[in-house]
Every structure is written in structure tokens, then in C-alpha cells.
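Engineer: structure of the sequence below:
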Amino acid sequence: MNSAIRNSHVRLLFVFTAIVCCTAPAVAQDLELQQRVVEMKQAAAMNKQELMQYTWQEQVSTILKGEEKKQEHFQVQLGPDGKPQEVSLDPPANPEPHRGPLIKHIEEKKKEEYKEYADQIKELIQQYVPPEKDLLEQAFQRGNIMIGLAPGAEAQCRMVISNYLKKGDNMTLVIDKAEKSLASISIASYMGDPNDAVNVSVEFAKIPGGPNYVASETINGVKKELTIQILSTNYRKR
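Structural biologist: Okay, here's the model as predicted:
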């Protein structure tokens, strides 16, 4: 065999080896991703079904520009449509001090504006938490999910989903690999305008012998400096 042919064979062997070395990890990662997506879809559906049997309490704190404006308490359960149904546990509010009609009108208008904004943020985040199996499958089919190890946690993996609900949004799921359940979620989304950013961090806990649940949730409406903190406790079967 002359040197030219031999060199050609060597180059082909090198290219083939490089392709195999690069492809094998990619194939393995694709298989793991597919497995994790299937697990999350199954867990999301099962968990939601199990939570339908429970009722719990929520403490909701509304913070505006660093100052707590309101703290509310609710008894909560999932309705037939899978959405939370809330009943207030708070006594009727005390009458506010008398103010002039103009000042009172301005204050009430501002309160209503922030209440509406807070309600819209909560409604938006309910579409992300917990993740929906159909939206997870849609993201997987579109190639919008990446997977990797969670930093500093060998027992966890991280699933990063882009364009989950809105174009340009981002959601990161941290998954307990052994339990096949969610440990935390972080979300970067927005209201109607992409400049009206909403950032969310969610921590999960587990009912002994039961489903996962959202233990705490912090929602930041960046533009209006509005923060909503939700703590969930006292999960009981109905």
C-alpha cells in the first residue's frame, strides 16, 4: 500500500473514531433525556391526581418595593378542573381611617391596580407550576429541553426547558433521580410584554407516603417591584 492510500485510510479512521466518540455521548444523553421526560410526565399526572384528595393551607404575603403590604391565609384544594380553589381564613378587615374623598379614591385605585397585577401574575405561574405533561411532551418534540447534572448534587439532574409556555421563556426543573420527583423549579417568564419580567423560584417537599407538593414559592414582578411569597402547610386528606 503506497503512503498516499495509507494516509487516506488513517484520516478516514480518525474521522470515524471522532464521529463515534462524539455520537455515543450524544445518543446516551438523548436516551436519558427521553427517559427523564417520560418520568416527569408520569409523575406530573400522578401527582396532580393524588393532590386532588388533599386540602391544605397557604400563607400569601404581598410585598411592594420591599415593604409587606398584606398577608392573607387560605384553605386550598384542587377543583374538578385541577385549578386551586381558595377560601379565606382571615377575619373581616377593620375599617380604614377616614380620609378625604380624593385621597381615598387615589389609594383605592392604586390598590386595585396592584391587586389585579398580583392576580394576573399568580394566574400566569399556575400555568407553569406544576408542569403539565402535555406541555412537557410538546417541548420535547420541539427539541426545547436540555438535560445535565445539577451543580454540586450527584443525586439530582437538571432539565432546562425553553419556550415552554411563551416564546423566550425559560424553566429549569431540578429532579431527584432516585425519587423521580421534583426538588425545585426556577422560571423566567413575562406578562403580556417581554419587558414585564416575572421570575419565580419554587421549592418542593413530600407528604410521607403521599405526593410531592409546593412548599414555598417566591414570585417577583420585576417592573412593578412586586413580590408574592406563598408558603403551603398542613396538607390533609379530605
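Engineer: got any ranges where the chain has weak pLDDT?
Structural biologist: 1-29, 94-110 (pLDDT under 70).
Engineer: stretch 180-200: which residues count as buried?
Structural biologist: In terms of neighbour count (16 or more other CB atoms under 10 Å), stretch 180-200 has its buried residues at 181-185, 187, 189-191, 196, 198-200. C-beta here means a position set from N, CA and C on the backbone, and glycine is covered the same way.
Engineer: for that stretch, which outside residues touch it?
Structural biologist: The contact list for stretch 180-200, computed with CB atoms under 8 Å, 6 or more residues apart in numbering, reads 39-40, 43, 47, 120-121, 124-125, 128-131, 156, 165-166, 168-176, 201-204, 206, 212, 217-223.
Engineer: quickly find the element holding the residue nearest to Asn220 when sequence neighbours are not counted.
Structural biologist: Leaving aside its sequence neighbours, Asn220 sits nearest to Asn199 (CB to CB, 6 or more residues apart in numbering; 4.7 Å). Per DSSP states H and E, Asn199 falls inside strand 197-206.
Engineer: whichever helix or strand comes after that strand - contacts with which helices or strands?
Structural biologist: Counting by DSSP H and E, the next helix or strand C-terminal to strand 197-206 is strand 212-221. Counting contacts by 3 or more CB pairs under 8 Å, 6 or more residues apart in numbering; DSSP states H and E, strand 212-221 packs against helix 3-51, helix 101-126, strand 197-206, strand 226-237.
Engineer: strand 212-221 vs strand 226-237, what angle?
Structural biologist: 170 degrees (axes from the mean of the first three to the mean of the last three CA atoms, to 10 degrees).
Engineer: quick check: buried residues in strand 212-221?
Structural biologist: Going by neighbour count (16+ other CB under 10 Å), the buried part of strand 212-221 is 212-221.
Engineer: what about it, distance to the chain center?
Structural biologist: Computed by CA atoms, centre = their mean, to the nearest Å, the chain-centroid distance of strand 212-221 equals 8 Å.
Engineer: repeat for stretch 61-76
Structural biologist: Distance, centroid of stretch 61-76 to centroid of chain: 20 Å (CA atoms, centre = their mean).
Engineer: which outside residues touch it?
Structural biologist: Stretch 61-76 has contacts (CB under 8 Å, 6+ apart) with 55-60, 84-90, 114, 118, 224-230, 232.
Engineer: surely Met237 touches Tyr54?
Structural biologist: Let me fix one detail, which is that residue 237 is Lys and not Met. Yes. Using CB atoms under 8 Å, Lys237 is in contact with Tyr54, at 5.9 Å.
Engineer: neighbour-wise, which of those two wins?
Structural biologist: Higher neighbour count among Lys237 and Tyr54: Tyr54, with 18 against 9, using other CB atoms under 10 Å.
Engineer: how far away is the more buried one from Leu78?
Structural biologist: As defined by CB to CB, to the nearest Å, Tyr54 lies at a distance of 8 Å from Leu78.
Engineer: against Ser162, how distant is Met40?
Structural biologist: 16 Å.
Engineer: ok, these two, which is more surrounded?
Structural biologist: Met40 (25 against 17).
Engineer: quick one, what contacts the more buried one?
Structural biologist: Applying CB under 8 Å, 6+ apart, the residues near Met40 are 131, 133, 136, 159, 173, 175, 182.
Engineer: cheers, nothing more for now.
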